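Novice: next one to model:
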Amino acid sequence: MEAEGRAAVLVYDSVDRERFLREIYPMRKPAVLKGIPLGSCTSKWTVDYLSTTGGRQEVKVHVASIPQMDFINKNFIYRTLPFDVFVKRAAESVHTEYFLSEDEKYYLRSLGVDARKVMDNFLIQVIGRKRVILFSPQDAPYLYLTGDKSEVLDVENPDLRKYPQFAKAQCYECQLDPGDVLFIPALWFHNTVAKEFGVGVNVFWKHLPANCYDKTDTYGNKDPVAASRAMQILDRALKTLEELPDEYRDFYARRMVLRIQSKSYSNHYK
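Specialist: Numbering: from 1, shown residues only. From the prediction side, this is the model:
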């Protein structure tokens, strides 16, 4: 069984704010934006510059023996390193000092403390090259989700015997070079593969009306209020079905699934 073919993410040159808001943003699809003036960072942020400027501040990093980090089963360990040491190690192909193996991989998710989830996002590739694979929220049924993460770790060579439905998911991909900006709409799933040592900067913003968000959720980590409420109702409904014998529980659970499937909103954002 083979997975669906891949589609290229659309690329736009010389995009200013007005064009982005008028032509690209309303489509609610990923887009690579080239030629945006980012200043001197694309040439200035070398390994030496970052390690010198970043100093000795300690950061918690992910360390794994393979490039594919599994954020469900946690196939990595957390270790703390001074920032300058981390940068130098991350830029090495083979390490003389290491935690797991001489070719271990390092990932620093953020220098901040707020990992944001359900918001629109600009991924700005400052240095290095990165390949990004994305999946539409419409393909969520095929991604074997646990929470907001997919169980399919290697999207390049998925195990379709274990994850047969994954073959139905439409994959979008692009390569980001220094200075490229990738627009990732909220709810789109994405997987990144670094081709070399690189630094990316994420810029998030809330695009829904303010009353859609939890007022206590400053950084957009939580699902929209209505979505959270709906999931709580669903959990209660499933809990109620447990009062029935197996045959009845299965029958009514299937009716619930069919009712949900019949209420499709996909035409609103195709």
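Novice: use CA for all of it now, contacts and neighbours both
Specialist: Fine.
Novice: so Arg254 versus Tyr248, what's the distance?
Specialist: The gap separating Arg254 from Tyr248 is 10 Å, by C-alpha to C-alpha, to the nearest Å.
Novice: ditto for Phe197
Specialist: Note on Phe197: its distance to Tyr248, by C-alpha to C-alpha, is 55 Å.
Novice: low-confidence regions, the stretch 151-270 of the chain specifically.
Specialist: Counting by pLDDT under 70, the stretch 151-270 of the chain has low-confidence residues at 218-220, 264-270.
Novice: whoops, the stretch 1-150 of the chain was the one
Specialist: 1-5, 110-117.
Novice: that one: helices as residue ranges?
Specialist: Taking DSSP state H, counting those that start in this stretch as the criterion, the stretch 1-150 of the chain carries its helices at 17-19, 41-44, 47-54, 83-90.
Novice: of those, which is nearest Ser136?
Specialist: The minimum distance between Ser136 and these falls on helix 17-19, with 23.1 Å, by C-alpha to C-alpha.
Novice: can you tell me which residues contact Asp154?
Specialist: Gln68 (C-alpha atoms under 8 Å, 6 or more residues apart in numbering).
Novice: now it: phi and psi?
Specialist: phi -100, psi 90 (degrees, to the nearest 10).
Novice: my guess is Leu234 is in a helix, correct?
Specialist: Yes: judged by DSSP: H, G, I helix; E, B strand; the rest coil, Leu234 forms part of a helix.
Novice: that one - how many residues pack around it?
Specialist: Here the number of neighbours of Leu234 (other C-alpha atoms under 10 Å) works out to 13.
Novice: and if you look at Arg19?
Specialist: Neighbours around Arg19, by other C-alpha under 10 Å: 11.
Novice: same check on Val199?
Specialist: The number of residues packed near Val199 is 20, by other C-alpha under 10 Å.
Novice: so it makes contact with Gln125?
Specialist: Yes: Val199 is in contact with Gln125 according to C-alpha atoms under 8 Å; the separation is 6.4 Å.
Novice: tell me the centre residue of the protein?
Specialist: For the chain, the residue nearest the mean C-alpha position is His190 (4.0 Å; C-alpha atoms, centre = their mean).
Novice: that one sits in which helix or strand?
Specialist: strand 189-194 (DSSP states H and E).
Novice: list the contacts of that strand.
Specialist: 67, 128-137, 155.
Novice: paired strands for it, with orientation please.
Specialist: strand 130-135 (antiparallel) (DSSP bridges).
Novice: buried residues in the partner strand?
Specialist: The neighbour-count check on strand 130-135 (16 or more other C-alpha atoms under 10 Å) flags 130, 132-135 as buried.
Novice: go on, stretch 130-150?
Specialist: The neighbour-count check on stretch 130-150 (16+ other C-alpha under 10 Å) flags 130, 132-136, 139-140, 142-144, 150 as buried.
Novice: stretch 83-93 now?
Specialist: Here stretch 83-93 shows 83-87, 89-90, 92 as buried, counting by 16+ other C-alpha under 10 Å.
Novice: the strands in the stretch 151-270 of the chain, which residues?
Specialist: 171-176, 181-184, 189-194, 199-205 (DSSP state E, counting those that start in this stretch).
Novice: Thr42 is nearest to which of those strands?
Specialist: strand 199-205 (9.5 Å).
Novice: packing partners of the closest one?
Specialist: Applying 3 or more C-alpha pairs under 8 Å, 6 or more residues apart in numbering; DSSP states H and E, one finds that strand 199-205 contacts strand 120-127.
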